[in-house]
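J.: Pasting the sequence and the predicted coordinates here, then a few questions.
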Amino acid sequence: MTVQGTTDPRFAACREAMAANLADGYDLGCSLAVVRDGEIVVDLWGGHADAAKTRQWQDDTLVNIWSATKGVMALAIAMAVERGQLDYSAPVAEVWPEFAANGKEAITLDLVMSHRAGLNGLDVAMDVQGVYDWFPYADAFAAMAPLWEPGSRCVYHAMSYGHLAGEALRRVDGRMPGLFVAEEITGPLGLDIHIGLAQDQDHRAAEITASDDAGDWLAELERSGYRHAMHQPVVTALTPNQRAWRAAQIPAGNGQANALSMAKLYGLLATGGGDLISPDGIKAATALRFEGMDPSLNAPTRFGAGYRLGGPESQFGPNPRAFGHTGWGGAFAFTDPDARLGVAYVMNRMLGYGDDAVTRHSRMIEAIYGAI
């Protein structure tokens, strides 16, 4: 299949990797981008933006990036920390007094950002409209008791992360997180990343599709006993195709973006943070908070303050100092500070944990690191 866009000659293998993934059916439509030392060395896209294959993927096609949105939110929090508005080590209740209810007065922002707050989901009924409307979902977390002792384990807060961190930010800044991101990060940098997509941009959003095994991790949650993460409400792989999902602000998972914008953002972090944040601010956000097993996914994990950290089990290449975030179905975006890389891949065909996903991912990573 035809792959559009450009690469530096050294990164030509990235085009071949994308073409192979499209030809083999691992991808329906996608984009891949790499920024090195501030220069765009890969900017590729191809395939189709809809299941019926009537729309070609374009250079400005947007797609739901699921939990790769968490990395954008991690940066917003890091900026607020550097400005003195928030403190990783301070209790969340200092800026959000209602959050102290039912034994949560000592839960720090650090625990929230590293998925150790004991609040991976709700224990009361909540429909998806409550998430879309922000306050019903956030207020329910403020009122509930932790599901287990905070700090005792790392259990992935798949949906709750965004509203917990986002409400803390809103309390000190006054802006909803999507507006903070737009005015403080993406707007100044001219990036096409949205947490809350305007209706007049909806035509650019790709249709999400999913393989039969795309819900593997949900099945793992059910088996683990930590099922709260994707219940109350239930969100499916195809929920992002709804206009209401795209319009809402869900900093844990409804970012709409293309690979180039995500790679530019992580590329900026690779070279010190520019005008957004200082190297010390990046260091504080990416310091190790947890390393060990996540019992909800039965998998090893490493977390900073909202960022997944590189390591043997990461999807960020060979450097353990890399950091970023992955998204359900296969998206990823990360910084390799030693190679001075910003890398991002986004797509609309979600895969599970099988060989197809491994092959799709390894082709791209091997092509990128083979070039350097």
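T.: That came through, no problem.

J.: CA atoms of the lowest-mean-pLDDT helix or strand in the chain as CSV?
T.: Within the chain, no helix or strand scores below helix 216-224, which has a mean of 91 by mean pLDDT, DSSP states H and E. What follows is helix 216-224, C-alpha atoms only, in CSV (Å, rounded to 0.1, in the frame of the first residue of the first chain):
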residue,chain,number,x,y,z
ASP,A,216,-7.5,-8.9,25.8
TRP,A,217,-6.5,-6.5,28.6
LEU,A,218,-10.1,-6.1,29.7
ALA,A,219,-10.4,-9.8,30.1
GLU,A,220,-7.2,-9.7,32.1
LEU,A,221,-8.8,-7.1,34.4
GLU,A,222,-11.8,-9.3,35.0
ARG,A,223,-9.6,-12.3,35.9
SER,A,224,-7.4,-10.2,38.2
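
J.: Excluding sequence neighbours, find me the nearest residue to Gly151.
T.: Arg116 (5.3 Å; C-beta to C-beta, 6 or more residues apart in numbering). Where you see a C-beta, it was placed from the backbone N, CA and C, and this is true even at glycine.

J.: go on, Asn348?
T.: Distances taken as C-beta to C-beta, 6+ apart put Ala206 closest to Asn348, at 4.2 Å, once the chain neighbours are dropped.

J.: In contact with that neighbour, which residues are there?
T.: Taking C-beta atoms under 8 Å, 6 or more residues apart in numbering as the criterion, Ala206 is in contact with Gly29, Ala49, Asp50, Trp57, Thr61, Leu62, Val63, Asn64, Asn348.

J.: By neighbours, which of the residues you listed wins?
T.: Using other C-beta atoms under 10 Å as the neighbour criterion, Asn64 leads the contacts of Ala206 with 30 neighbours.

J.: Identify the bridge partners of that residue.
T.: Gln256 (DSSP bridges).

J.: The residue nearest to Val92 when sequence neighbours are not counted and Asp173, how far apart?
T.: Leaving aside its sequence neighbours, Val92 sits nearest to Phe99 (C-beta to C-beta, 6+ apart; 5.0 Å). Relative to Asp173, Phe99 is positioned 16 Å away (C-beta to C-beta, to the nearest Å).

J.: Of these two, give the one with the bigger neighbour count.
T.: Remark: of Phe99 and Asp173, Phe99 carries more neighbours, 26 against 19, as counted by other C-beta under 10 Å.

J.: Quick check: Ala333 touching His325?
T.: Yes: counting by C-beta atoms under 8 Å, His325 is a contact partner of Ala333 at 6.4 Å.

J.: Between the two, tell me which one has more neighbours.
T.: The neighbour count for Ala333 versus His325, taken as other C-beta under 10 Å, is higher for Ala333 (29 against 25).

J.: need the helices for the stretch 251-372 of the chain, in chain order.
T.: 259-270, 279-286, 355-371 (DSSP state H, counting those that start in this stretch).

J.: with the contacts of Ala206 in mind, which one is nearest to Leu297?
T.: The closest of the contacts of Ala206 to Leu297 turns out to be Asn64 (C-beta to C-beta; 20.6 Å).

J.: Go ahead and confirm that closest one touches Glu207.
T.: No: the criterion here is C-beta under 8 Å, and Asn64 misses it with Glu207 at 9.7 Å.

J.: before we move on, back to that, buried set for the least confident helix or strand of the chain?
T.: Of all the residues in helix 216-224, those buried under the rule 16 or more other C-beta atoms under 10 Å are Trp217, Leu218, Glu220, Leu221.
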